[in-house]
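Novice: Generate coordinates for the sequence data below:
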Amino acid sequence: MLPDILYTTADGIPLYLDIIQPDPLPQGRMPVVIYIHGGGWMGGNRKGERNTFLAENGFFTISIDYRFSQQAPYPAQIEDVKAAVRWVRANAEHYQLDPEHIGVWGHSAGGHLAALLGTSANVPELEGKSSPQLFSSSVQAVIDLSGPTDLSQMGGWHDLPDSPEARLLGAPVQESPDLVRFANPITYIHADVPPFLIFHGTQDTTVPVNQSELLYEALKDAGTDATFTRIQDEDHNLTAKGGESFTFIYEKVLEFFTRHLKE
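Specialist: Just a heads-up that it's a prediction; the model follows:
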């Protein structure tokens with residue numbers, strides 16, 4: 001593990017990443033997987049070992065900071081994620097990385113940002129200015145766990161003026177259709193979107209399962225290689241069944257990233 005590496009500074013805010021890499025290092029260049037944590041775009045942290053099983057299987061992995069909504073409204077969060085992708089490409093030689101095989105996964109708010117990263121590669125309005133634009137922000141595989149998509153279709157407390165979604169946008173969701181569209185991964189879907197793997201619990205009371213259904217249907221309509229797994233009787237954190245669901249998810253995550261980033 002190589003912790004606390006500064007990858008960019010955005011509006012004076014330093015942003016760090018942690019690396020977990022294979023040991024020993026392989027001979028050739030390594031495919032890369034980026035993990036984006038959840039927390040309603042206003043909490044959580046990059047710390048943890050969620051990437052360990054991927055590093056054990058030959059992937060160079062990083063988990064990243066991004067600016068929270070109380071620090072800067074959207075699109076600051078996706079700008080930071082894109083800066084992390086460019087950091088990977090800028091440092092490919094130093095760390096022995098394969099810059100053409102980068103995957104991303106995330107949970108909840110991190111799932112939203114992972115999906116948005118996957119659909120919006122090189123969209124000028126989302127690239128930001130905190131890191132050099134010499135490198136692409138595109139990725140080659142995306143996994144979204146329990147992520148929001150269309151913030152206007154979440155309903156209930158998500159429509160309140162102090163909801164996490166309103167704090168992200170800087171305005172109430174139902175009063176801000178243009179901002180909602182700007183933050184929706186579906187807005188940017190195009191013919192060359194990378195493969196997607198989506199998981200969502202059917203008993204998620206934090207992010208309704210319809211959010212993943214909307215994303216999946218839009219991806220399929222565009223001809224994207226997309227797979228959606230509804231996990232029966234699971235909650236938002238995918239922990240209602242103890243470790244059973246994550247055992248299944250980790251197996252599928254490894255299989256997916258191996259197929260799209262190694263083969």
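
Novice: if I read this right, Trp105 contacts Ile143, doesn't it?
Specialist: Yes: the pair Trp105 / Ile143 is scored as a contact, 3.6 Å apart, by Cβ atoms under 8 Å. All C-beta spots, glycine's among them, are computed from the backbone N, C-alpha and C.

Novice: what sits in contact with each of those two?
Specialist: 114, 253 (Cβ atoms under 8 Å, 6 or more residues apart in numbering).

Novice: what ranges do the strands span in the chain?
Specialist: 2-10, 13-20, 30-36, 60-64, 97-107, 141-145, 196-201, 226-231 (DSSP state E).

Novice: Take these and lay them out in TSV including mean pLDDT, mean neighbour count and distance to Gln174.
Specialist: Compiled in TSV, those are given as follows (pLDDT from 0 to 100; neighbours: other Cβ atoms under 10 Å; distance: least, Cβ to Cβ, whole Å):
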stretch	mean pLDDT	mean neighbour count	distance to Gln174
strand 2-10	95	15	29
strand 13-20	97	18	30
strand 30-36	98	26	26
strand 60-64	98	26	31
strand 97-107	97	23	26
strand 141-145	98	27	24
strand 196-201	97	25	23
strand 226-231	96	18	27
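
Novice: can you put those in a markdown table and add distance to Leu179?
Specialist: What follows is these, written out as a markdown table (distance: least, Cβ to Cβ, whole Å):
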| stretch | distance to Leu179 |
| --- | --- |
| strand 2-10 | 20 |
| strand 13-20 | 22 |
| strand 30-36 | 21 |
| strand 60-64 | 24 |
| strand 97-107 | 21 |
| strand 141-145 | 21 |
| strand 196-201 | 24 |
| strand 226-231 | 26 |
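
Novice: Minimum distance to Ala218: which of those has it?
Specialist: strand 226-231 (9.0 Å; Cβ to Cβ).

Novice: How far does the closest one sit from its chain's centre?
Specialist: Strand 226-231 sits 16 Å away from the centroid of its parent chain (Cα atoms, centre = their mean, to the nearest Å).

Novice: Same question for stretch 97-106.
Specialist: 12 Å.

Novice: Low-confidence stretches in the protein?
Specialist: 130-132 (pLDDT under 70).

Novice: repeat that for 80
Specialist: Low-confidence segments of the chain, defined by pLDDT under 80: 129-133, 242-243, 263.

Novice: Which residues are in contact with the residue nearest the centre of it?
Specialist: The centroid of the chain falls nearest to Ala114 when counting by Cα atoms, centre = their mean (2.1 Å). Ala114 makes contact with 36, 81, 104-106, 142-144, 147, according to Cβ under 8 Å, 6+ apart.

Novice: what about 10 Å?
Specialist: Applying Cβ atoms under 10 Å, 6 or more residues apart in numbering to Ala114 gives the contacts 34-36, 81, 103-107, 139, 142-145, 147, 185, 196.

Novice: is the closest residue to it other than its chain neighbours in a bridge, and if so with what?
Specialist: In space, and not counting its chain neighbours, Ala114 is closest to Gly106: 3.8 Å by Cβ to Cβ, 6 or more residues apart in numbering. Gly106 forms beta bridges with Ile36, Asp144, as assigned by DSSP bridges.
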